[in-house]
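A.B. asks: Output the structure for:
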Amino acid sequence: LVRFNFYSTAFVSGTREGVVMEDELVSGQRFRNRFEESKYEAERLVRRAGEDIPISIFRPSLVVCKTDTGQIDSHNEAYRLLRGFLRLPRDVRLPLPGRGYYPLNLVPVDYVCDAMVTISRDPRGVGKTFHLTDPNPLPARRVLEIIADSAQRKRPRGAIPATIARHLLKLPGLGDLGAAGDIVDRFNQVVIYNSMNTQELLRHRGIHCPTFESYASTMVAYLHKQEIASAELESTRS
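C.D. replies: Predicted coordinates:
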């Protein structure tokens, strides 16, 4: 066996705040959902197996689109949030769930794949954990402002307490916005994912995490095309 690569998530840190190092796992954290907890439990198993086999653990943050096409997986929470936001009337200004000052860590899927393949072939990656995260994440408010600008919509204005937002998003009739309720917690968590291991192995390979500004408009354009195609399909069916 050359390498056993485990695809985990940066969110094994659960409710932790502050700087999270790549070699840290068990820190008394709580979890928001079963997904985070199951990845945490799996990492503990993989780390124990690392005493006998060559392992690498990869922890991406919130994975979004391909940078060249904007294509995004329709099953992830970022997709549901963005589509719900873009389906609102153009003149609606939504308040943010919280002030939106904290970092929202997004990474494009092609960066995640390129980084994983490269590191998995590097002997120096054996026995280590790698944060595949944005080293310079934007505040959540700025992320939504960029999306609104790209979609030629009104920017979010104001804020409501996160606890109230969680309850509001559970109300019926909110569609994709309601399904993206888990992401509210990420708007209100001060956490920085240190990625020294990742940067060390990718530094001279020409692989780096693109800025959100560099691919946001491409992602919005893709979502817009998806909405047009969906509307045409519904029209045909009716």
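
A.B. asks: alpha carbons only for contacts and neighbour counts from here, please
C.D. replies: Noted.

A.B. asks: For the chain, just list every one of the helices.
C.D. replies: 34-49, 77-86, 109-120, 140-150, 162-168, 176-179, 196-202, 212-237 (DSSP state H).

A.B. asks: any residues touching the first one, and which ones?
C.D. replies: Helix 34-49 is touched from outside by 6, 8-9, 11-12, 14, 25, 31, 55, 57, with contacts defined as Cα atoms under 8 Å, 6 or more residues apart in numbering.

A.B. asks: how about these, which pair is most distant?
C.D. replies: Across those, the longest distance by Cα to Cα is 24.7 Å; it joins 31 and 55.

A.B. asks: more crowded one of those two?
C.D. replies: Remark: of residue 31 and residue 55, residue 55 carries more neighbours, 23 against 17, as counted by other Cα atoms under 10 Å.

A.B. asks: Can you give me the distance of that one to residue 4?
C.D. replies: For residue 55, the distance to residue 4 equals 5 Å [Cα to Cα, to the nearest Å].

A.B. asks: From residue 157, how far off is the residue nearest in space to the middle of the chain?
C.D. replies: With the centre of the chain defined as its mean C-alpha position, the nearest residue by Cα atoms, centre = their mean is residue 62, 1.0 Å away. In this structure, residue 62 and residue 157 are separated by 24 Å, where distance is defined by Cα to Cα.

A.B. asks: Kindly report the same for residue 139.
C.D. replies: Here the criterion is Cα to Cα. By it, residue 139 lies 15 Å from residue 157.

A.B. asks: out of those two, which sits in the busier spot?
C.D. replies: When neighbours are counted by other Cα under 10 Å, residue 139 comes out ahead of the other of residue 139 and residue 157, with 17 against 13.

A.B. asks: Can you verify my assumption that the more buried one contacts residue 106?
C.D. replies: No - taking Cα atoms under 8 Å as the definition, residue 139 is not a contact partner of residue 106, at 10.6 Å.

A.B. asks: Might you list the low-confidence residue ranges for the chain?
C.D. replies: Under the criterion of pLDDT under 70, the regions of the chain flagged as low confidence span 167, 169-183, 238.

A.B. asks: Nice, that's everything, thank you.
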